[in-house]
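**Student:** Give the three-dimensional model of this entry:
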Amino acid sequence: MRSENTPFRGGPLDGRVLPILLGPTGHPPKWYEVPVPAHDGRPPMLHAYRREAAGHTKRLGIQRGWVYEYAPEGRERRELKWPWSKPGGGAGGGTRPTDAGPTGAGPTDAGPTGAGPTDAGPTGAGPTDAGPTGAGPTGTAPNE
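**Tutor:** Numbering: from 1, shown residues only. Now for the predicted structure:
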């Protein structure tokens, strides 16, 4: 795997340059976390570094590389933003749409046209169309 020597600014790794493995896009990870083990009964700590651009060239504005900046507040957690999620929703991704029509009527109530689920549709055929015997809406078999 390819690695890149990346400098660190701030925090316990200030001024150090470490080789960081690059991802499939050729960039180092956005966050670099350094675990510090616990000593003397203190809880273990996790130092977080955020990847930022090291600078840009004057003439063309091409990026010169990456540097890791210390983030004392820790790694920021982001929620996934799926198209079907409500704003401010939890990990459940919001609620499912209901079968209610524009008037709020459910699937068993009359809709905006007044036609319930057992009324005739646009062809005039109701729910008693061809049954298991193949009888049509007039009650006659198709081969008679």
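**Student:** Now the element after whichever strand or helix holds E4, going C-ward?
**Tutor:** Secondary structure assigned from DSSP states H and E places E4 in strand 3-9. The helix or strand immediately downstream of strand 3-9 is strand 17-21, counting by DSSP H and E.
**Student:** re earlier: what lines up beside the strand holding E4 in the sheet?
**Tutor:** In the sheet, strand 3-9 lines up against strand 17-21 (antiparallel), strand 66-71 (parallel) (DSSP bridges).
**Student:** what lines up beside the next helix or strand after the first one in the sheet?
**Tutor:** Note on strand 17-21: by DSSP H and E, the next helix or strand toward the C-terminus is strand 31-36. Sheet partners assigned to strand 31-36 using DSSP bridges are listed as strand 45-53 (antiparallel).
**Student:** buried stuff in the partner strand?
**Tutor:** H47, A48, Y49, R51 (16 or more other Cβ atoms under 10 Å). Backbone N, C-alpha and C define where each C-beta goes, glycine included.
**Student:** thinking the second one is in contact with E69, fair?
**Tutor:** What it means is A48. No: at 9.9 Å, A48 does not count as touching E69 under the criterion of Cβ atoms under 8 Å.
**Student:** circling back to that earlier point, if you compare the strands paired with strand 3-9, which one is most tucked away?
**Tutor:** Ranked by mean neighbour count, the strands paired with strand 3-9 are led by strand 66-71 with a mean of 18 (mean count of other Cβ atoms under 10 Å).
**Student:** Mind listing residues that contact that one?
**Tutor:** Applying Cβ atoms under 8 Å, 6 or more residues apart in numbering, the contact partners of strand 66-71 are 4, 6-11, 13-14, 27-28, 32, 47-54.
**Student:** Let's see that with 6 Å instead.
**Tutor:** Applying Cβ atoms under 6 Å, 6 or more residues apart in numbering, the external contacts of strand 66-71 come out as 6-11, 28, 32, 48-52, 54.
**Student:** What is the nearest of those residues to E73?
**Tutor:** A48 (8.1 Å; Cβ to Cβ).
**Student:** got TSV for the contacts of strand 66-71, with pLDDT too?
**Tutor:** Formatted as TSV, the contacts of strand 66-71 follow (pLDDT from 0 to 100):
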residue	pLDDT
T6	94
P7	95
F8	96
R9	95
G10	93
G11	91
P28	94
Y32	93
A48	94
Y49	95
R50	95
R51	95
E52	95
A54	92
